[in-house]
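# Mind folding the following:
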Amino acid sequence: MTDLTDIGGGGEFTASDEEIQEALEDASEELGQPVDDIEREVAYILDSGTGSATNEGVAGTSVGANASAASDPRLEALELYKLNERI
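Numbering: from 1, shown residues only. Below is the predicted model of the structure:
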């Protein structure tokens, strides 16, 4: 499994490892899913490079469309995952 704190790629990572871990734990509570499962799914979004869910695509699209969005693609991918799980 790829840890979100170990992902490389084209996006600019502005969040600290602690912020990423806290966001994962919050999502776990919110969605009622294990942290490891969420991390694996979000890492897949960023690692896969399929569709528009690349580091640059997630960050650029989310930040461009939402002035309050974080600029770290890992957090943006997490938000996309949470949205998808709620639908």
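# For the rest of this, base every contact and every neighbour count on C-alpha atoms.
Noted.
# Name the next helix or strand downstream of the lowest-mean-pLDDT helix or strand in the chain, please.
When each helix and strand of the chain is scored by mean pLDDT, DSSP states H and E, helix 55-65 comes last, with a mean of 49. The C-terminal neighbour of helix 55-65 among helices and strands, as given by DSSP states H and E, is helix 73-86.
# Pull out the buried positions in that next one.
Using 16 or more other Cα atoms under 10 Å as the test for burial, helix 73-86 gives 73-82.
# Also stretch 26-34?
So stretch 26-34, judged by 16+ other Cα under 10 Å, has buried residues 27-28.
# So, low pLDDT: which residues of this structure?
For the chain, residues meeting the criterion pLDDT under 70 lie at 1-12, 49-71.
# can you list contacts of stretch 27-35?
If you take Cα atoms under 8 Å, 6 or more residues apart in numbering as the criterion, stretch 27-35 is touched by 24-25, 38, 82, 85.
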